[in-house]
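Trainee: Following is a predicted model, sequence given first.
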Amino acid sequence: MPPFILPVPLALARAVAEIPDGPAWKLEPKWDGWRACVHTASGRVWSRHGTDLSRAFSDVGAVARELPDAVLDGELVAVLADGSGVAFDRLQSRAGGRGPRRGADFTVHVALFDVLAVGEVDWRPRPYVERRVELLRLLEGGPAVLRPVPSTSSAEEALAWVGALSGVEGVVGKPAGGRYVDGLRSGWVKWRKRHTTEAVVIGVTGATPGTQALVLGRPFGGRMRAVGVSLPLGERLRAALVPLLRATEERERQLPGTVGGLPGADPVRYRPVEPEVVVEIDVDQERLEFGRYRHRPRVKRIRGDLSPDLLADGA
């Protein structure tokens, strides 16, 4: 039995612009999946937010029972049966408690990267390097779908994982001597490979200057469709945009939380503007997923040299 009540808050990583380097850091691949906590003895699985996923991922729970009694932290990854890689969108087929389906074209693997407890012993106060050794011991000879992520102190090696390993979208850095601490107090950092593209400003959301963000659109089938909500704007960029945006006659609209890159969140209310201004944005995925960006884009600059009709139609 674990020494704490499950589910337990998980460690989170702060976004950074560069991959940390040196012996003080241990680097791991950031997989494109769903974060999960697994209790091997009971076969129960929880999301990062504490949602019970045991029914949806009963296949994971079943194989986890083959391991010694432990609480493990990792990422659920959908591996395609044809060997072509991983597909984040397949995990959505398990949403709402729907479990494994016969004839599915993928298998759920778990990329495991930390140990929170073994039996009745709390491993969170121990340094990363000790937890890593214990993780490898626990998984040795275990089911093939439960595997440890690679680990290195070389930023060059870690960067090579991105693109070379299917499903790796970035790098997570952890202090080598750090304890496992919940939330951003963990000291963990994450770096994602980013791509540059353009979008049209179709609205503004946020009640205060510090929270104001842009609702972004792209043309689909001759119509402008919302594809995401940006991160909050910096003061200089916000000031440059103000004289360029023209409000429409419609006072307010709303988007589902998922379009704003916030799965499970409340709808995003925004003030529509005429779709006239194009901005350059940083995104962490080359293609839209379900017609939107999964994570909130960062607006880099205004593209006064481009008009909305010059953007490629996504239909």
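Mentor: Okay, I see it. Keep in mind the model is a prediction, meaning the values are calculated, not measured.

Trainee: what's the spacing between the closest residue to residue 6 other than its chain neighbours and residue 52?
Mentor: Excluding the flanking residues, the one nearest residue 6 by C-beta to C-beta, 6 or more residues apart in numbering is residue 39, at 5.9 Å. Backbone N, C-alpha and C define where each C-beta goes, glycine included. Counting by C-beta to C-beta, to the nearest Å, the separation of residue 39 from residue 52 is 11 Å.

Trainee: In the beta-sheet assignment, what are the partners of the residue nearest to residue 6?
Mentor: As for beta bridges, residue 39 partners with residue 44, residue 71 under DSSP bridges.

Trainee: count of residues packed around it?
Mentor: Residue crowding around residue 39 was assessed by other C-beta atoms under 10 Å; the count is 24.

Trainee: Quick check: it vs residue 64, distance?
Mentor: 8 Å.

Trainee: which neighbours do these two share?
Mentor: residue 45 (C-beta atoms under 8 Å, 6 or more residues apart in numbering).

Trainee: so where do the helices sit in the stretch 1-150 of the chain?
Mentor: 58-64, 88-91, 128-139 (DSSP state H, counting those that start in this stretch).

Trainee: out of those, nearest to residue 75?
Mentor: Residue 75 lies closest to helix 88-91 among these, at 10.3 Å (C-beta to C-beta).

Trainee: about what we covered before: how near is the residue nearest to residue 6 to residue 184?
Mentor: The value you get for residue 39 to residue 184, if C-beta to C-beta is used, is 24 Å.

Trainee: residues touching residue 46, list them.
Mentor: 6-7, 36-37, 52-54.

Trainee: List the single closest residue to it in space, sequence neighbours excluded.
Mentor: residue 7 (3.9 Å).

Trainee: just residue 281 next, same as before
Mentor: Nearest one to residue 281, counting by C-beta to C-beta, 6+ apart, is residue 297 at 4.0 Å.

Trainee: Please pull out the lowest mean pLDDT helix or strand from the chain.
Mentor: Here the helix or strand of the chain ranked lowest by mean pLDDT, DSSP states H and E is helix 88-91, holding a mean of 82.

Trainee: shaky segments in the stretch 151-300 of the chain?
Mentor: Where the stretch 151-300 of the chain drops to pLDDT under 70, the residues are 257-265, 286.

Trainee: which parts of the least confident helix or strand of the chain are buried?
Mentor: For helix 88-91, burial by neighbour count (16 or more other C-beta atoms under 10 Å) applies to 88, 90-91.

Trainee: still on that earlier bit, okay, and the common contacts of residue 39 and residue 52?
Mentor: Contact criterion C-beta under 8 Å, 6+ apart; residues shared by residue 39 and residue 52: residue 45.

Trainee: wait, what's in contact with residue 313?
Mentor: Residues in contact with residue 313 (C-beta under 8 Å, 6+ apart) are 219-222.

Trainee: wait, which of the residues you listed is closest to residue 103?
Mentor: Closest approach to residue 103 among those (C-beta to C-beta): residue 220, at 31.1 Å.

Trainee: roughly how far apart are that closest one and residue 288?
Mentor: Going from residue 220 to residue 288 by C-beta to C-beta gives 9 Å.

Trainee: got the angle between the longest strand anywhere in the chain and helix 128-139?
Mentor: When the chain is parsed with DSSP state E, its longest strand is strand 106-118. Here the directions of strand 106-118 and helix 128-139 differ by 120 degrees (axes from the mean of the first three to the mean of the last three C-alpha atoms, to 10 degrees).

Trainee: Residue numbering should commence at 57 henceforth.
Mentor: I'll keep to 57 as the first residue from here, and by that count the last item is strand 162-174.

Trainee: From the contact counts, what lies against strand 162-174?
Mentor: Under the contact criterion of 3 or more C-beta pairs under 8 Å, 6 or more residues apart in numbering; DSSP states H and E, strand 162-174 touches strand 81-87, strand 90-95, helix 114-120, strand 126-136, helix 184-195, strand 202-204.

Trainee: Please report the distance of the residue located most distally from the centre of the chain from residue 329.
Mentor: Here the chain reaches farthest from its C-alpha mean at residue 305, the gap being 36.2 Å by C-alpha atoms, centre = their mean. Going from residue 305 to residue 329 by C-beta to C-beta gives 11 Å.

Trainee: Quick one: residues contacting residue 218.
Mentor: Residues near residue 218 by C-beta under 8 Å, 6+ apart: 85, 224-227, 249.

Trainee: after the host helix or strand of it comes which helix or strand?
Mentor: Using DSSP states H and E, residue 218 sits in helix 211-220. Using DSSP H and E, the next helix or strand after helix 211-220 towards the C-terminus is strand 224-231.

Trainee: quick one: that next one to strand 162-174, angle?
Mentor: Going by the same axes, to 10 degrees, strand 224-231 makes 10 degrees with strand 162-174.
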